[in-house]
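Engineer: Got a predicted model here, sequence first, then my questions.
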Amino acid sequence: QLNSTFYSNTCPNVSSIVSGVIQQALQSDPRIGASLIRLHFHDCFVNGCDASILLDNNGTIRSEKDAAPNTNSTRGFNVVDNIKTAVENSCPGVVSCADILAIAAEASVSLAGGPSWSVLLGRRDSRTANQAGANTSIPSPFEGLSSITSKFSAVGLNTNDLVALSGAHTFGRAQCRLFSNRLYNFNGTGNPDPTLNSTYLATLRQTCPQNGSGTALANLDPTTPDSFDSNYFSNLQNNQGLLQSDQELFSTTGSATIAIVNTFSSNRNCLLSKLRSVNDKYG
Ligand code: HEM
Ligand SMILES: [Ca+2]
Ligand SMILES: [Ca+2]
């Protein structure tokens with residue numbers, strides 16, 4: 001049973017300690033907040049929010065860090081270590097790593113100009129990892145909308161939740177290898193994805209040349225790359241979703257997600273109340 005006062009006697013300053021370390025890290029890495037919230041997402045989709053994603057390989061553990069959605073992709077583990085050190089200095093042996101990831105996600109959103117909320121706390125850390133689970137449960141950007149919807153449904157999240165949470169792609173970066181099929185040869189057609197805005201397409205082709213390395217980076221939100229705002233949704237309305245899985249929310253004919261994108265794009269309060277209800281249900 002999670003609650004927002006879990007550490008009010010044992011570590012009353014935990015949120016400001018976490019936020020302070022992230023503020024520090026943002027000075028040299030404007031992307032770090034995005035990387036941290038993604039760690040929370042990739043943790044929670046595999047055996048729940050239990051910090052399983054932080055466990056390294058050893059005799060028995062096959063680390064989730066080496067699963068396909070995470071390897072050469074998730075980042076920020078060093079900052080999580082710095083946060084843990086700072087928290088341990090003030091409150092030794094009290095705060096779980098799973099709660100640190102949840103607090104860091106909220107702090108990252110609020111430091112990027114997004115909403116703040118009171119984080120539910122009291123998660124317990126796992127001693128085992130589930131690499132196979134990470135491979136199957138975390139959605140891929142190449143997967144269709146119906147398959148992604150099923151993966152959200154498997155963890156108790158509905159279509160509204162899917163669209164609201166995808167809005168985290170309002171900040172952070174993605175590597176060319178994760179969307180360049182859309183730029184040159186979409187589904188074997190020899191042509192770009194027809195749902196891609198042509199000006200945006202030209203820009204992305206410069207960032208991701210056809211025989212480039214694939215590890216070059218593009219902003220997930222071309223309009224406000226480091227701010228947590230609702231531009232993600234207006235970008236989709238303008239055919240400027242970066243990942244196939246982003247644009248499909250708006251461009252899949254007949255999909256219920258279209259109206260949801262329109263609502264979140266025009267009404268910030270709708271989005272905020274949705275995000276709060278996800279937090280209250282799942283912490
Ligand atoms: C709906 C299904 C989703 C898919 C298919 C997806 C896929 C991806 C991919 C492919 C990247 C780029 C990774 C790389 O370049 O190495 C990415 C980045 C990111 N994702 Fe998602 N994602 C999804 C949902 C979410 C959710 C629910 C959140 C958080 C609530 C989230 C937060 C982020 C953030 C903040 C980044 C940028 C990370 C950085 O700059 O380090 N994503 N996502
Ligand atoms: Ca987990
Ligand atoms: Ca933005």
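Structural biologist: Sure thing, it's come through. Ligands and ions are numbered 1, 2, ... in the order given.
Engineer: How far does the helix or strand harbouring residue 39 sit from its chain's centre?
Structural biologist: Using DSSP states H and E, residue 39 maps to helix 32-44. Taking C-alpha atoms, centre = their mean, to the nearest Å, one finds helix 32-44 lying 5 Å from the centre of the chain it belongs to.
Engineer: what packs against that helix?
Structural biologist: helix 14-28, helix 77-90, helix 97-111 (3 or more C-beta pairs under 8 Å, 6 or more residues apart in numbering; DSSP states H and E). From N, CA and C alone the C-beta is placed, and that goes for glycine too.
Engineer: Return the residues of the stretch 151-283 of the chain in contact with ligand 1.
Structural biologist: 165-166, 168-169, 171-175, 178, 220, 243, 245 (C-beta under 6 Å from any ligand atom).
Engineer: picking up where we left off before, I'd like to know if the helix holding residue 39 reaches ligand 2 anywhere along the stretch.
Structural biologist: Yes: using C-beta under 5 Å from the ion, helix 32-44 reaches ligand 2 at residue 43.
Engineer: and the residue lying closest to residue 102 once chain neighbours are set aside, how many neighbours?
Structural biologist: Spatial nearest neighbour of residue 102, chain neighbours left out: residue 119 (5.3 Å); criterion: C-beta to C-beta, 6 or more residues apart in numbering. Neighbourhood size, residue 119 [other C-beta atoms under 10 Å]: 20.
Engineer: Same question for residue 68.
Structural biologist: 13.
Engineer: Report the secondary structure state of it.
Structural biologist: Using DSSP: H, G, I helix; E, B strand; the rest coil, the structure places residue 68 in coil.
Engineer: OK, contacts around the closest residue to it other than its chain neighbours?
Structural biologist: Computed as C-beta to C-beta, 6+ apart, the closest residue to residue 68 that is not its neighbour in sequence is residue 135, at 5.5 Å. Listed by C-beta atoms under 8 Å, 6 or more residues apart in numbering, the contact set of residue 135 reads 67, 68, 69.
Engineer: same thing with residue 22?
Structural biologist: Shown in contact with residue 22 (C-beta under 8 Å, 6+ apart): 32, 33, 36, 79, 83, 104, 107, 108, 111.
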